[in-house]
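Asker: starting from these lines, generate the structure:
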Amino acid sequence: MARSSIVGFRDVDASHDPADLIRYLQAVSETPFVRNRAQARLARSRIASGHIVADLGCGLGGDTIMLAHHVGPGGRAIGIDRSRAMLDHARARADAAGLPLEFRQGDIRNLPFEDATLDACWMERVLIYADDPAAVLAEVRRVLRPGGQAVVQEYDYRALLYDAPDAELSELMRAGVCAAFAQPEIGASLLRHAHAAGFAALELATDLPRWTDFEWSAAAGRWRELLARFVDEGTVTEARAEAWWRHMQTSFNEGHGACFFASFTLFAAR
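Answerer: So this is what the prediction gives:
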């Protein structure tokens, strides 16, 4: 069972296995499920050809590459991340695609841009790690030009749902995920924090996607890791943990996914 934690994303380079976190993102972030939603979010935005846009918390650079294609040769897409390991991977990926993209190491609390220099800032699952989301959004507002746009997607992990007979263990799984983040409820409070940061013309779209693939769901949710931790802590027995896992796996396999249900809530703000 994988034992590194999503907690490691708070500081990838200081985690005990940055390579495992990179493998995790590769497994869960580059699927059609995720990429299609990113493309739809971009289509709803006002980001246009010729714009200068920063991908904050760019990770492996997938969204940065998407943004670069969208703004075209007359624009710029700049990836920002605090992790050298993530940036090295993103640069290698852009080089392999023949894209001369710019990646910078930086902190979302002190962005490496002058005031009012960007047309847009793009963020996904960044504020969930922030101690002060309103302060981060105020910093984002500082670097945006008048009329600039912040495009932000976050989750609300309080709304994680699993259909399993052992409802108590499902609740433990949800609580275990929430405990990994500084702001597990950030999705639902995006508008409040954006208003506090001085943003206007706020828009919010919600999505309740159903995870339809067992293997992807288990990987994205770190189910094996959480179950193993509960067993190690003595919270549940190994048999009980295995029964929960087997139910989710069997409900997917027996009905070709028809009987399998797990979901979460997405909040996309502009």
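Asker: which residues does D119 contact?
Answerer: By C-beta atoms under 8 Å, 6 or more residues apart in numbering, D119 lies in contact with 47, 51-53, 75, 144-145, 148-149. Bear in mind the C-beta positions are built from the backbone N, C-alpha and C, glycine included.
Asker: 6 Å - rerun?
Answerer: D119 makes contact with 51-52, 148 under the criterion C-beta atoms under 6 Å, 6 or more residues apart in numbering.
Asker: quick one: which of those has the most company?
Answerer: H51 (22 neighbours; other C-beta atoms under 10 Å).
Asker: let's see the pLDDT reported for that one.
Answerer: Note for H51: predicted pLDDT of 98.
Asker: any idea how far it is from A200?
Answerer: 19 Å (C-beta to C-beta, to the nearest Å).
Asker: likewise R240?
Answerer: The value you get for R240 to A200, if C-beta to C-beta is used, is 50 Å.
Asker: please apply the same query to A43.
Answerer: 22 Å.
Asker: which one of R240 and A200 is surrounded by more residues?
Answerer: Using other C-beta under 10 Å, the more surrounded residue of R240 and A200 is R240, with 16 against 7.
Asker: residue ranges of the helices in the protein, please?
Answerer: For the chain, helices defined by DSSP state H occupy the ranges 18-29, 32-44, 62-71, 84-96, 133-143, 167-178, 190-196, 214-220, 223-233, 238-254.
Asker: and those, which one averages the lowest pLDDT?
Answerer: Minimum mean pLDDT among the helices of the chain: helix 18-29, a mean of 78.
Asker: with just CA atoms, put it into PDB.
Answerer: Output of helix 18-29 as PDB, limited to C-alpha atoms (Å, rounded to 0.1, in the frame of the first residue of the first chain):
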ATOM      1  CA  PRO A  18       8.400  13.900  -4.100                       C
ATOM      2  CA  ALA A  19       8.600  11.300  -6.900                       C
ATOM      3  CA  ASP A  20       5.500   9.600  -5.500                       C
ATOM      4  CA  LEU A  21       3.600  12.800  -5.500                       C
ATOM      5  CA  ILE A  22       4.500  13.400  -9.100                       C
ATOM      6  CA  ARG A  23       3.400   9.900 -10.000                       C
ATOM      7  CA  TYR A  24       0.100  10.600  -8.200                       C
ATOM      8  CA  LEU A  25      -0.500  13.700 -10.200                       C
ATOM      9  CA  GLN A  26       0.400  11.900 -13.400                       C
ATOM     10  CA  ALA A  27      -2.200   9.200 -12.600                       C
ATOM     11  CA  VAL A  28      -5.100  11.500 -11.600                       C
ATOM     12  CA  SER A  29      -4.600  14.800 -13.400                       C
END
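Asker: list the buried residues of it.
Answerer: 18, 21-22, 24-25, 28-29 (16 or more other C-beta atoms under 10 Å).
Asker: helices or strands next to that helix in the packing?
Answerer: Using 3 or more C-beta pairs under 6 Å, 6 or more residues apart in numbering; DSSP states H and E, the elements in contact with helix 18-29 are helix 214-220.
Asker: quick one: list the elements packing against the helix it packs on.
Answerer: Checking 3+ C-beta pairs under 6 Å, 6+ apart, helix 214-220 ends up next to helix 18-29.
Asker: just want the angle from the helix it packs on to helix 223-233.
Answerer: 130 degrees (axes from the mean of the first three to the mean of the last three C-alpha atoms, to 10 degrees).
Asker: relative to helix 62-71, how tilted is helix 18-29?
Answerer: 50 degrees.
Asker: chain center to helix 18-29: distance?
Answerer: 12 Å (C-alpha atoms, centre = their mean, to the nearest Å).
Asker: that one to helix 84-96, inter-axis angle?
Answerer: 60 degrees.
Asker: how close does the residue nearest the centre of the chain sit to E233?
Answerer: Centrality entry for the chain: nearest residue to the mean C-alpha point is R125, 3.3 Å, by C-alpha atoms, centre = their mean. Separation of R125 from E233 (C-beta to C-beta) stands at 26 Å.
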